[in-house]
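**Q** Attaching a predicted model along with its sequence, questions to come.
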Amino acid sequence: MTEKLYDFDSYLKEFTATVVSCEKADGFYKVILNKTAFFPEEGGQYSDKGILNDATVFDVQLEDGEIVHYCSNAVSGDVIGKIDFERRFRNMQEHTGEHIISGLVHSLYGGENVGFHLGDDEVTCDYDIELNEEQIKTIEVEANKAVYRCLPVTACYPSTDELSKINYRSKKEIDSAIRIVTIGDVDCCACCAPHVRLSSEVGVIKILSTMRLRGGVRLFIACGLDAFTDYSLKHDQIKSVSALLAAKPYECASGVERLINNLKAEAYRANQLSTQLNEAKIEKIGKTDKSIVIFTCVDTKALRELVNKAKEKSGSLCAAFSGNDTDGYSFIAYSLTVDVCSLAKALGEKLNGRGGGKPPMVQGSVKATKEEIKAFFDGSLFFEL
Ligand SMILES: [Zn+2]
């Protein structure tokens, strides 16, 4: 069994060990050492990465109780292992932050941590209770207060007797020796992963978002450098938005709300004006016995109003198409003399469309160009509004 050097020294970056076995696999080598500082993927946390001599360790997995290093090259004899400590420290900040949050969810609201995922891009913690916005805020504030209290984070393997006197959180029944990780008076939990030495090293704990999950809640969190990176990215965004709106950073939301309301009012005004303009253009169309086909760019409601106006001009058929050659066109057709249902069917067949309705009006859409539509209605009078 490999000695786990990370168990009691999570800051060990470099170590020497002896290769117990090195087995060739599909394009890589599976290496087992007599001891290691590499933490394998376990308990929802991705593995450490690094090097063993000149071989890249790109993954570490637990297989049949053994810690297996996935290496780029073969290694043998005594080796020097170096872990990617930047990655490790980030994982330790995130993991310790998770413990602080889980300890608080437990002590403040009686919730149990039922899931944890510490990936490269996302960190999530699942709880078996729902948490409202106010509770989330409280947890976040208390978690950060625990960070600033510089609480010691310790790990130990208590005897069965000692263990029976400890009140600790545990996600599952564990039959091997139980490792207890304690963070001051905030949390006590069975856990196999490396953590920082002091809560203050977590830096910042931020709950980014929440999601309902199986009767409980999933929290998306960022701790330490991840939280700082998140803050910096969002700060840059808010700085740009603030400059664009000429609003103070803390007043951007009301600035955007005002902008959206203005846009809605302008869109309404533009729609009114284009309807008036279209009506004026339709007025100028003389009465005809030929079919009238109109091309425009308005919403369905306006299209219907337009057809209702224009239908008086044709003794045959009035059809209006709204859209463009790339996305296709929606249409409404009206006639008291032409079978509009057959027309809708023919449009569907020849112009890759669909639609329906009942006489005297049908509506639908076609995936065709203006020229193809014109060819379909050959002999009609065409108008562009
Ligand atoms: Zn843990």
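**A** Nice, thanks for sending it over.

**Q** check contacts around residue 225.
**A** For residue 225, the contacting residues are 89-90, 93, 203, by Cβ atoms under 8 Å, 6 or more residues apart in numbering. No exception for glycine: its C-beta is placed from N, CA and C like everyone else's.

**Q** Need the residue closest to the centroid of the protein.
**A** Closest to where the C-alpha atoms of the chain average out (Cα atoms, centre = their mean) is residue 122, at 9.1 Å.

**Q** residues in contact with it?
**A** residue 220.

**Q** For it, give its distance to the ion.
**A** 17 Å (Cβ to the ion, to the nearest Å).

**Q** Can you pull the phi/psi pair for that residue?
**A** The phi/psi pair for residue 122 (degrees, to the nearest 10) reads phi -150, psi 140.

**Q** Look at the closest residue to the ion within the stretch 151-300 of the chain and report its pLDDT.
**A** For the stretch 151-300 of the chain, the residue closest to the ion is residue 191, as judged by Cβ to the ion, at 3.1 Å. We have a pLDDT of 88 for residue 191.

**Q** I'd like to know how far it sits from residue 155.
**A** 8 Å (Cβ to Cβ, to the nearest Å).

**Q** Likewise for residue 282?
**A** Distance of residue 282 to residue 155, given as Cβ to Cβ: 81 Å.

**Q** more neighbours, the two?
**A** The residue with more neighbours, out of residue 282 and residue 155, is residue 282; 21 against 18, by other Cβ atoms under 10 Å.

**Q** Can you tell me the element the more buried one falls in?
**A** According to DSSP states H and E, residue 282 maps onto helix 252-284.

**Q** If you count neighbours, what's buried in that helix?
**A** Residues 252, 255, 274-275, 278, 281-282 are the ones in helix 252-284 that count as buried (16 or more other Cβ atoms under 10 Å).

**Q** before we move on, what about stretch 283-301?
**A** Buried, per 16+ other Cβ under 10 Å, within stretch 283-301: 285, 291-296, 298.

**Q** got it, and stretch 360-379?
**A** For stretch 360-379, a neighbour-count test (16+ other Cβ under 10 Å) marks 360-366, 368, 370, 373, 376-377 as buried.

**Q** how long is it end to end?
**A** One end of stretch 360-379 to the other measures 21 Å (Cα to Cα, to the nearest Å).

**Q** Also stretch 199-213?
**A** 29 Å.

**Q** quick one, helices of the stretch 101-250 of the chain?
**A** Using DSSP state H, counting those that start in this stretch, the helices of the stretch 101-250 of the chain run over 133-148, 160-164, 225-245.

**Q** Mind listing the shared neighbours of residue 191 and residue 155?
**A** By Cβ under 8 Å, 6+ apart, residue 191 and residue 155 have these common neighbours: 179-181.

**Q** Same list (those residues) but as a markdown table, adding neighbour count, distance to the ion and pLDDT.
**A** Shown next, in a markdown table, are the shared contacts of residue 191 and residue 155 (neighbours: other Cβ atoms under 10 Å; distance: Cβ to the ion, whole Å; pLDDT from 0 to 100):
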| residue | neighbour count | distance to the ion | pLDDT |
| --- | --- | --- | --- |
| 179 | 18 | 9 | 87 |
| 180 | 19 | 11 | 89 |
| 181 | 22 | 6 | 90 |
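
**Q** Cross-reference the residues you listed with the strands and report the matches.
**A** In strands, defined here by DSSP state E, the members of the shared contacts of residue 191 and residue 155 are 180-181.

**Q** so which of the shared contacts of residue 191 and residue 155 comes closest to residue 70?
**A** Relative to residue 70, the closest of these is residue 179; by Cβ to Cβ it sits at 24.2 Å.

**Q** now the host helix or strand of residue 94: mean pLDDT?
**A** In this assignment (DSSP H and E), residue 94 forms part of helix 85-109. Mean pLDDT, helix 85-109: 96.

**Q** What residues of it count as buried?
**A** So helix 85-109, judged by 16+ other Cβ under 10 Å, has buried residues 85, 88-106.

**Q** Remind me what it packs against, helices and strands.
**A** In terms of contacts (3 or more Cβ pairs under 8 Å, 6 or more residues apart in numbering; DSSP states H and E), helix 85-109 is packed against strand 113-118, strand 123-127, helix 133-148, strand 180-183, strand 187-190, strand 205-213, strand 216-223, helix 225-245.

**Q** Reformat these as TSV; add distance to residue 332.
**A** Output for the helices and strands packed on helix 85-109, formatted as TSV (distance: least, Cβ to Cβ, whole Å):
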stretch	distance to residue 332
strand 113-118	51
strand 123-127	49
helix 133-148	46
strand 180-183	67
strand 187-190	65
strand 205-213	42
strand 216-223	46
helix 225-245	39
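
**Q** right, and the residue of the stretch 151-300 of the chain closest to the ion touches residue 179 too?
**A** Yes - using Cβ atoms under 8 Å, residue 191 is in contact with residue 179, at 6.4 Å.
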